[in-house]
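Chemist: Provided below are the primary sequence and the corresponding predicted coordinates.
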Amino acid sequence: MEYLKLNNDVEMPIEGLGTFLMTPVEAEAAATAALAAGYEHIDTANAYMNERAVGRAIAKSGIARDKIFVSTKLWPSVYDAGMPAVDATLQRLGLDYVDMLILHQPVGDYLAAWRTMEEAYRAGKVHALGLSNFPQDKITEVIEVADIMPQLVTVECHPYHAQRDLRAYLAPYGTVIEAWYPLGHGDKGLLEEPIFVALAEKYGKTPAQVILRWHVQMGTSIIPGSKNPAHIADNANIFDFSLTEDEMAEIAKLDGTMTYYTATEEALEGYLAIRPDFDAQELRSDDNGPTKPPPRTSRLSRTSPPQCPLQTATSSWPATRHRATPLS
């Protein structure tokens, strides 16, 4: 494993397991497989509705708590809830602290939520702070009022959209970029790019492993998601080779090809309207296996599926290629 030193001197494993769109059963199994395969970072979120499952995997792993980097995200519906939102998140995970706490979407009172996260940071409940899906202008809003600079910004990032401008903007603050869907939203076209096929053959790797290695050499935190234990292990088998400067330069020529997601105002307002009952996620008893979650309340958006309320939103992401649009 390789590590990133954040701007507050916290060391973060550069690769982790993402659990987006995983049911609790799937997330627990995937996190268990990842920790067994040597992963040191597991990523979850309030809205993934699988925090309890991730907490169970961590608890039964037998690995010392300080050897596992845990990141989770607050959903906009609790931005104005203050410290109880942080405490409830910790309770679901079964942890005394999280290594990284992130604001999930740039809607609602995110400045109040940032102040709450700073308070949690000072109290030792959180060791690092981040933003997810925030465009550059809203990152600036947070930075202008922050006592603690963001350690991390999680965004769409892959060889087709390398976030060159955002990297340059964040560099003076020492803020790290993290890539969700680092392999390009399941796009076979990315994996089949001739450069990745050729480099995979050269290094005895898969195109996916070459892409993940590119991210690592770019200094990008990556959280690829998989429910397949073999794929989980393969995704971490990227630390025994390095791409040359010429190869990195060749990959850079793909930048600007396309993005997979554009956050429209309509979509953001939709996120604000989603108010899940996070405590309704699946429970598990020690003796009887999975138990049924309590009935859903009216606070859960009608358009949300039973587990992750973001699934409906992502199903509308464009599947066709379009030119990458700048963040500002």
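Modeler: Thanks, I have the structure now. Please read these numbers as outputs of a predicted model, since none were measured by experiment.

Chemist: okay, CA-based contacts and neighbour counts for the rest of this
Modeler: Fine.

Chemist: The helix or strand V155 falls within packs against which elements?
Modeler: Here V155 sits within strand 152-156, counting by DSSP states H and E. Contact partners of strand 152-156 among helices and strands, from 3 or more Cα pairs under 8 Å, 6 or more residues apart in numbering; DSSP states H and E: strand 129-132, strand 176-180.

Chemist: which residues in the chain form helices?
Modeler: 24-36, 51-61, 83-93, 110-122, 136-145, 164-170, 188-191, 194-203, 207-217, 229-235, 245-252, 265-273, 311-314 (DSSP state H).

Chemist: Switch those helices over to TSV; also include mean pLDDT, mean neighbour count and distance to D279.
Modeler: What follows is these, written out as TSV (pLDDT from 0 to 100; neighbours: other Cα atoms under 10 Å; distance: least, Cα to Cα, whole Å):
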stretch	mean pLDDT	mean neighbour count	distance to D279
helix 24-36	98	23	13
helix 51-61	98	22	9
helix 83-93	98	19	8
helix 110-122	98	20	20
helix 136-145	98	15	29
helix 164-170	98	15	35
helix 188-191	96	15	37
helix 194-203	98	15	43
helix 207-217	98	22	34
helix 229-235	98	18	28
helix 245-252	98	13	44
helix 265-273	91	14	18
helix 311-314	49	14	18
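
Chemist: Quick one: closest of these to L74.
Modeler: Nearest to L74 among the helices of the chain is helix 83-93 (7.7 Å), distances taken as Cα to Cα.

Chemist: Now do that closest one against helix 51-61, angle only.
Modeler: 50 degrees (axes from the mean of the first three to the mean of the last three Cα atoms, to 10 degrees).

Chemist: next one: helix 83-93 to chain centre, how far?
Modeler: In terms of Cα atoms, centre = their mean, to the nearest Å, the centre of helix 83-93 is found 18 Å from the chain centre.

Chemist: ok, now stretch 107-124?
Modeler: Here the centre of stretch 107-124 is set off from its chain's centre by 18 Å, with Cα atoms, centre = their mean.

Chemist: can you tell me which residues contact T154?
Modeler: Taking Cα atoms under 8 Å, 6 or more residues apart in numbering, we find T154 in contact with G130, L131, S132, N133, I177, E178, A179, W180.

Chemist: Just the buried ones from these, in ChimeraX syntax?
Modeler: To isolate the buried ones among those in ChimeraX, judged by 16 or more other Cα atoms under 10 Å, type:
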select :130,131,132,133,177,178,179,180
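
Chemist: got a markdown table for the helices and strands packed on strand 152-156, with distance to A123 too?
Modeler: What follows is those, written out as a markdown table (distance: least, Cα to Cα, whole Å):
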| stretch | distance to A123 |
| --- | --- |
| strand 129-132 | 13 |
| strand 176-180 | 23 |
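
Chemist: and E141, which of those strands is closest to it?
Modeler: Nearest to E141, of all those, is strand 129-132, at 11.7 Å by Cα to Cα.

Chemist: What strands line up against that closest one, and which way round?
Modeler: Neighbouring strands of strand 129-132 in its sheet, by DSSP bridges, are strand 100-103 (parallel), strand 152-156 (parallel).

Chemist: Of those strands, flag the one that's most buried.
Modeler: Using mean count of other Cα atoms under 10 Å, the stretch among the strands paired with strand 129-132 with the greatest mean number of neighbours is strand 100-103 (a mean of 26).

Chemist: could you give me the average pLDDT of it?
Modeler: Strand 100-103 comes out with an average pLDDT of 98.

Chemist: For that strand, which outside residues touch it?
Modeler: 69-76, 110, 113-114, 117, 126-132.

Chemist: I'd say E40 and K67 touch.
Modeler: Yes: E40 lies in contact with K67 (Cα atoms under 8 Å); the separation is 6.5 Å.

Chemist: The two: which has the busier surroundings?
Modeler: Between E40 and K67, counted using other Cα atoms under 10 Å, the more crowded position is E40 (21 against 11).

Chemist: picking that back up, would you mind putting the strands paired with strand 129-132 into JSON lines with distance to E51 alongside?
Modeler: JSON lines is the format used below for the strands paired with strand 129-132 (distance: least, Cα to Cα, whole Å):
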{"stretch": "strand 100-103", "distance to E51": "13"}
{"stretch": "strand 152-156", "distance to E51": "18"}
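
Chemist: Same list, the helices and strands packed on strand 152-156, but as CSV with distance to A31 and mean pLDDT please.
Modeler: Output for the helices and strands packed on strand 152-156, formatted as CSV (distance: least, Cα to Cα, whole Å; pLDDT from 0 to 100):
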stretch, distance to A31, mean pLDDT
strand 129-132, 21, 98
strand 176-180, 17, 97
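
Chemist: Kindly state which of these is positioned closest to M22.
Modeler: Comparing the helices and strands packed on strand 152-156 by Cα to Cα, strand 176-180 comes nearest, at 14.4 Å.

Chemist: how far does that closest one sit from the chain's center?
Modeler: Computed by Cα atoms, centre = their mean, the chain-centroid distance of strand 176-180 equals 8 Å.

Chemist: before we move on, what about stretch 9-28?
Modeler: 7 Å.
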